[in-house]
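*Asks:* Next input, structure requested:
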Amino acid sequence: PARTDAGSHPFTAALARRDLDALVATLAPDAVLHSAVTRTPFEGREVLADLYASVLESFEEVLVVDELRNGDTYAFFWEARIDGRFVAGADRFRVGADGLVHEITIVGRPLSGLTTFLSGIGFRFAKRRRGALPAVLWGPIPLINIRYSALADRLYGYRSDTLVYEVYAINRERDFDYVLERLARLPLVGLLVPYGAFLWAGVRYDVFGCFFDGALLARTPWWRAELRLLRLAGKGVVVYPYGGDARLPSETRRLGRWHAYTDVPPGEEDRDEADVRARLAAFGRYADAILGCADLVEHLPRLDGVLRYPFPADEWRPVEPAADGVLTVVHSPNHPHYKGTRYLVEAVEEVRREGVAIELVLVQGMPNDEARAAYERADVIADQFLIGAYALFAIEGMALGKPVLCYLNERFAPYHPEWHECPILNTSPAAIADNLRRLAADPELRRELGRRGPPYVEKYHSLRSVGADLDTIYRSLWGLPAR
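*Replies:* Modelled structure (predicted):
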């Protein structure tokens, strides 16, 4: 082979200058590019134009260090930097009788730099080839939140679906788009379901929304590798917490007297903190958007925004309780040791002994339809008294026009500017009895708090409101202009 001056061929020179138009002009219409890390070649000048646009965007700097020629075959060696990592490679290309480049083969090193390089290219290339809005998949933890997130996405034109491996008793199968519970329960076959779901979803969706438990391979030994693969494939990952998936007991116990672990002795938490930290760290490295939620805003690997719970506000309307002279308090103790249920029970008994006509209704393990009927009969909704922020139950109560008791820790208020308008009666365990007395003695206060609930939910939690925030995130990830 004969050595040439670096950049002597127009293709090499265009790459060195990062001149996309000039580079594309050297390509034959049927040009093919082979990569050392993909089995399928990239074919056609249009595809390669998008690919090289992504390549050139990824480079922080590029230098062609040597070039060789043997007849119609050229090879050049280059060095570059992407996201601060060094990467080097060699390109071999063949030129046809028409003077255009017909075939390109690329190799690179080291593995760490190459992975970063390919990840950046993959994401940019996928965005260019899609062009339109990305398709979104939420799952696989079967919380109703993911259904509401998908519905919010659809209002803004996204194809957004949910996929779960099981359905909790309180929900219905039709709450989710793809339910793989029957397959997941089959012996042997069930072990393969997450992998099949991952492959199936990989060719259909562009953005994966999940909790910190993980994405589709969350319950497999490959949960961490999945995040790398999604990044390498050019997928976007949006993650936010629901509770124990991102809560760190050792950090939470420093928050003062009242917190999620006030009634949970050290060593009796329902999650292994080391595992939670490992998953937080993995998402910190590979997720494209990390969103806080409720009280979970301080100990995440980073905070790209705070997600307000999405809620189908137009499906809920205020309901007047029965005027029977009894203050009916409804509470959902699905996690009593985290919600402070015992403090509520004690407070209700204390107030009842004083002669107040009060009834406590505990709603647990009911299907959502039955639970909603119980909420509608309530005079007061009692959410939680330890965690320090409200969640879906409180939102349902406000949407029904009920006064809501809940502990809102002022520590988290800077992350939730909407709390300045929130009609929730802030109630720590020490204040439950006093606030029950106030509500029992003042029907007008109950009505006033109830009246303020629906407009608050509509403004801050409706599908359209939260969907607008998600739309902004997706557009930023996908390189699309703001609406």
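
*Asks:* Output whichever strand or helix holds A31 in CSV with nothing but the alpha carbons.
*Replies:* Taking DSSP states H and E as the definition, A31 sits inside strand 27-35. What follows is strand 27-35, C-alpha atoms only, in CSV (Å, rounded to 0.1, in the frame of the first residue of the first chain):
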residue,chain,number,x,y,z
LEU,A,27,-21.0,8.5,-1.4
ALA,A,28,-22.5,6.4,-4.1
PRO,A,29,-26.4,6.0,-4.0
ASP,A,30,-26.0,2.3,-3.0
ALA,A,31,-23.1,2.8,-0.6
VAL,A,32,-22.9,0.3,2.2
LEU,A,33,-21.2,0.7,5.7
HIS,A,34,-20.1,-2.3,7.8
SER,A,35,-19.5,-1.9,11.5
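
*Asks:* How about it, which residues are buried there?
*Replies:* For strand 27-35, a neighbour-count test (16 or more other Cβ atoms under 10 Å) marks L27, A28, A31, V32, L33, S35 as buried. (C-beta placed from N, C-alpha, C; glycine too.)

*Asks:* Can you name the two of the residues you listed that sit furthest apart?
*Replies:* Longest distance between any two of the buried residues of strand 27-35 is 18.1 Å, between A28 and S35; criterion Cβ to Cβ.

*Asks:* where exactly do the helices run in the stretch 251-400 of the chain?
*Replies:* Using DSSP state H, counting those that start in this stretch, the helices of the stretch 251-400 of the chain run over 273-286, 336-339, 341-353, 368-376, 392-399.

*Asks:* Of the ones you listed, which is nearest S428?
*Replies:* That would be helix 341-353 among the helices of the stretch 251-400 of the chain, by Cβ to Cβ, at 8.7 Å.

*Asks:* how much space between D91 and Y74?
*Replies:* 8 Å (Cβ to Cβ, to the nearest Å).

*Asks:* what touches both of those two?
*Replies:* Between them, D91 and Y74 share these contacting residues under Cβ atoms under 8 Å, 6 or more residues apart in numbering: T12.

*Asks:* Okay, now the unreliable bits of the protein?
*Replies:* Applying pLDDT under 70 to the chain flags the ranges 1-7, 36-40, 83, 110-131.

*Asks:* In stretch 248-258, which residues are buried?
*Replies:* Quick answer for stretch 248-258 (16+ other Cβ under 10 Å): L248, P249, T252, L255, W258.

*Asks:* rewinding a little: could you look up the next helix or strand downstream of the strand holding A31?
*Replies:* The first helix or strand that comes after strand 27-35 along the chain, using DSSP H and E, is strand 42-43.

*Asks:* before we move on, back to that, now, of the helices of the stretch 251-400 of the chain, which is deepest in the fold?
*Replies:* Most buried of these by mean neighbour count (mean count of other Cβ atoms under 10 Å) is helix 392-399; its value is a mean of 25.

*Asks:* That one - contacts with which helices or strands?
*Replies:* Here helix 392-399 touches helix 368-376, strand 380-382, strand 404-406, helix 443-460, going by 3 or more Cβ pairs under 8 Å, 6 or more residues apart in numbering; DSSP states H and E.

*Asks:* Among these, which comes closest to N334?
*Replies:* helix 368-376 (10.2 Å).

*Asks:* the inter-axis angle of the closest one versus helix 392-399?
*Replies:* Going by axes from the mean of the first three to the mean of the last three Cα atoms, to 10 degrees, helix 368-376 is angled at 50 degrees with respect to helix 392-399.

*Asks:* for helix 368-376, packing partners?
*Replies:* Against helix 368-376 (3+ Cβ pairs under 8 Å, 6+ apart) you get helix 392-399.

*Asks:* follow-up on the earlier one: save the helices and strands packed on helix 392-399 as CSV, and put in distance to W200 too.
*Replies:* As requested, those are exported to CSV (distance: least, Cβ to Cβ, whole Å):
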stretch, distance to W200
helix 368-376, 28
strand 380-382, 40
strand 404-406, 40
helix 443-460, 35
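
*Asks:* nearest to I395, of these?
*Replies:* For the helices and strands packed on helix 392-399, proximity to I395 was assessed by Cβ to Cβ; helix 443-460 is nearest, at 5.8 Å.

*Asks:* Of the buried residues of strand 27-35, which is the nearest to L51?
*Replies:* Of all the buried residues of strand 27-35, L51 sits closest to L33, with 6.8 Å by Cβ to Cβ.

*Asks:* Going by neighbour count, list what's buried in stretch 293-303.
*Replies:* Applying 16+ other Cβ under 10 Å to stretch 293-303 flags C293, A294, D295, L296, V297, H299, L300, P301 as buried.

*Asks:* now, the most widely separated pair of the residues you listed?
*Replies:* A294 and P301 (17.4 Å).

*Asks:* Now for R317, how many residues are close by?
*Replies:* Around R317 there are 11 other residues, counting by other Cβ atoms under 10 Å.

*Asks:* residues contacting it?
*Replies:* Here R317 is in contact with A399, L400, G401, P454 (Cβ under 8 Å, 6+ apart).

*Asks:* Which of those residues sits closest to G340?
*Replies:* L400 (21.8 Å).

*Asks:* contacting residues for that closest one?
*Replies:* Per Cβ under 8 Å, 6+ apart, neighbours of L400: W316, R317, P318, V319, Y375, E376, A378, I381, G453.

*Asks:* ranges for the strands of the stretch 201-350 of the chain?
*Replies:* 207-210, 236-239, 289-292, 305-306, 327-331 (DSSP state E, counting those that start in this stretch).

*Asks:* With respect to H416, which of the helices of the stretch 251-400 of the chain lies nearest?
*Replies:* With respect to H416, and counting by Cβ to Cβ, the nearest of the helices of the stretch 251-400 of the chain is helix 392-399 at 12.6 Å.

*Asks:* and that closest one with helix 443-460, angle?
*Replies:* Using the same axes, to 10 degrees: helix 392-399 against helix 443-460 is 110 degrees.

*Asks:* just how off-centre is helix 392-399 within its chain?
*Replies:* Remark: helix 392-399 is offset 22 Å from the chain centroid, using Cα atoms, centre = their mean, to the nearest Å.

*Asks:* Same check on stretch 366-376?
*Replies:* Its chain's C-alpha centre and that of stretch 366-376 lie 28 Å apart, by Cα atoms, centre = their mean.

*Asks:* again with stretch 10-27
*Replies:* 38 Å.

*Asks:* and if you look at stretch 294-312?
*Replies:* Once both centres are worked out by Cα atoms, centre = their mean, stretch 294-312 turns out to sit 10 Å from its chain's centre.

*Asks:* Noted, bye for now.
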